[in-house]
Structures are given as structure tokens and as C-alpha cells.
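Undergrad: Predicted coordinates and the sequence they were generated for:
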Amino acid sequence: MSIPLLIRKVLFFSLLFGALQAQIVNIEQLRFKTDTSLWLFQDNLSFSVFRNTDQVVDIENDFLLRYYRGKNQLLLLNSLHFNFSEDINFAQAGFIHLRYVRSLSNLTELEAFGQVQTDRPLRIEQRALFGIGPRFGVDQKGSFQFHTGHLLMYESDKEMFNDIQHYDWRLSSYVSLLWKYKEQFNWTLVSYYQPRFEDWSDWRLSLQNQLSFKLGEHWAFTVSASLNYDAQPVVDPNIPNLTYKLDNGILVKF
């Protein structure tokens, strides 16, 4: 199979099944300004098969499509994650995320986004988010980059297997770091904090790391770790407050 045909198939399945197994979607480690091309496509694909009592297949794919021109950026993100055995689908989750970013100065941007997310393992049938707010950066052109954003976010959240639905306003604040070493090694660290305005005891926290090792002009090997905490998850005693994940994969970038 040719590389262009493989990329087209990855895009097709990402758009069809979009998924992610996290309560807070992390776009930061996908969108650092490491180049200023008019168009940027980036894809991170991981695949594993293992057998215990059953054969289990796990596939995850995250991609970014970015349009960059002058003071404007448009970002489209979509992610796929599903895990299944011969008889059972364990994980079906996903999101699609659209974000517009307008540069106001060298260190300040205004961003607005919309997102739709579903997560079967965490019993989230549908979560729709809309937000707007400022984003600030320091030393964006060097080997070290630092950003922080503070957005007003509206959330419509429908739980799975019951009739409970939430309509809330939240603060969505984040801090993100990027360190590059000789264009061969990237490290990103991102932290999100999302409290509900009406009840600050209802908050979410996400810590996410990724190491990327460049293998060629368009290829890199990645190792990622994430930790997510939700003080008030869905009304289901089987859903924990704390979730975490560690994985590795291949990154394709054009």
C-alpha cells in the first residue's frame, strides 16, 4: 500500500469514528507553532493486538489539520480510539474539535472553539462545549515555548444510560510547555483546570506529557502519559474520579 493511500485511509476512518478516552481534550501538544506553513497535517497512529482469554485489538488515531495565514489560524482536530475483542467492544469514544485563533500581538491571541465529544467507558453520551478567551505566550520562536489560556466555556453534558443532563458555565484554564532539542526531540507538558462557576467543588484537572523522537523528515516515535481527575463524574458508582493512560505510537507529519 502506498503512503498517500495509507494517509487517505487514516483520514477517512478518523472522520468516521472520531474518539478519545479522556474527559478533557488536549489540543496543545498538537498545535505548537513549530512551523509557519500555510497548511499543516499531523497524524499520530497507534495499534496493538494481544491475547489472554480472548484476542483484543486496540487502535488509536489523533490528527490535526491546521490552516495558518497572517494573523489567523483555523484548527480542526479529530481523534479515534476503539478497543474490542472477538465478542465485546470495550471502548468507543470520540471528539471533533474546531478552533479559531486570532493573533493580537506577538504574545497575545484570542481564541474561540466548539467541540462535540462522546465517551462510552466514562458514560458520557454527548458533551458539547463552546468557549472563548485570551491566550498568552512567552518566547514562542525559541527552543522553549510557554503558553497559558483562560477561557469562558459553556457545557451541555448528557449522561449515558440515564436521563440526567447538565448545562453549566465553566472556567477553562491551561498552562502548556514545549522544549525542543536540535529538532530531533520534543517534550510537551500540558495542564488543564476546569471548575464550574456555580460550584467550585465541581472541577476537572488534566496533566498530559508527550515525548517525541524524530525518525525522519515526516516520521517520529512518541511516548505519551495522561492523568485526569473529575471531582464529580457521571452518576454511576463504577466510574472513578481518577483515570490515567500510558501509550506510544508513530507520528506522521506533512
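TA: Sure thing, it's come through. In this text, all values refer to a predicted model and were calculated from it rather than measured experimentally. Residues are numbered from 1 along each chain as shown.

Undergrad: residue contacts, K214?
TA: E183, Q184, F185, N186, A220 (CB atoms under 8 Å, 6 or more residues apart in numbering). C-beta here means a position set from N, CA and C on the backbone, and glycine is covered the same way.

Undergrad: same thing but at 6 Å, please
TA: The contact partners of K214, taken as CB atoms under 6 Å, 6 or more residues apart in numbering, are Q184, A220.

Undergrad: Next, the buried residues of stretch 199-211.
TA: Using 16 or more other CB atoms under 10 Å as the test for burial, stretch 199-211 gives D202, W203, R204, L205, S206, L207, Q208, N209, Q210.

Undergrad: which residue packs closest to S212, ignoring adjacent ones?
TA: Of all residues not flanking S212 in the chain, N186 sits nearest, at 4.2 Å (CB to CB, 6 or more residues apart in numbering).

Undergrad: Relative to Y244, how far out is the one you found?
TA: Going from N186 to Y244 by CB to CB, to the nearest Å gives 22 Å.

Undergrad: who's more crowded, those two?
TA: N186 (21 against 12; other CB atoms under 10 Å).

Undergrad: and the more buried one, which of the three is it?
TA: Here N186 is strand, with the state taken from DSSP: H, G, I helix; E, B strand; the rest coil.

Undergrad: how far away is it from F63?
TA: When N186 is compared with F63 (using CB to CB), they lie 17 Å apart.

Undergrad: ok, of the buried residues of stretch 199-211, which one's closest to Y167?
TA: Nearest to Y167 among those: D202, at 13.2 Å, using CB to CB.

Undergrad: Check whether K180 really touches S143, as I assumed.
TA: Yes. At 4.7 Å, K180 counts as touching S143 under the criterion of CB atoms under 6 Å.

Undergrad: So between these two, which is more surrounded?
TA: Taking other CB under 10 Å, K180 and S143 do not tie; K180 has more neighbours (17 against 12).

Undergrad: From T188, how far out is that one?
TA: K180 is 10 Å from T188, by CB to CB.

Undergrad: Then N238?
TA: 32 Å.

Undergrad: Neighbouring strands of the helix or strand where N228 lies in the sheet, and parallel or not?
TA: In this assignment (DSSP states H and E), N228 forms part of strand 219-230. Under the criterion DSSP bridges, strand 219-230 sits next to strand 199-214 (antiparallel), strand 242-253 (antiparallel) in its sheet.

Undergrad: Run through the strands of this structure in chain order.
TA: Ranges of strands in the chain, per DSSP state E, are 39-51, 55-69, 72-85, 89-103, 108-119, 124-138, 144-159, 165-181, 185-196, 199-214, 219-230, 242-253.
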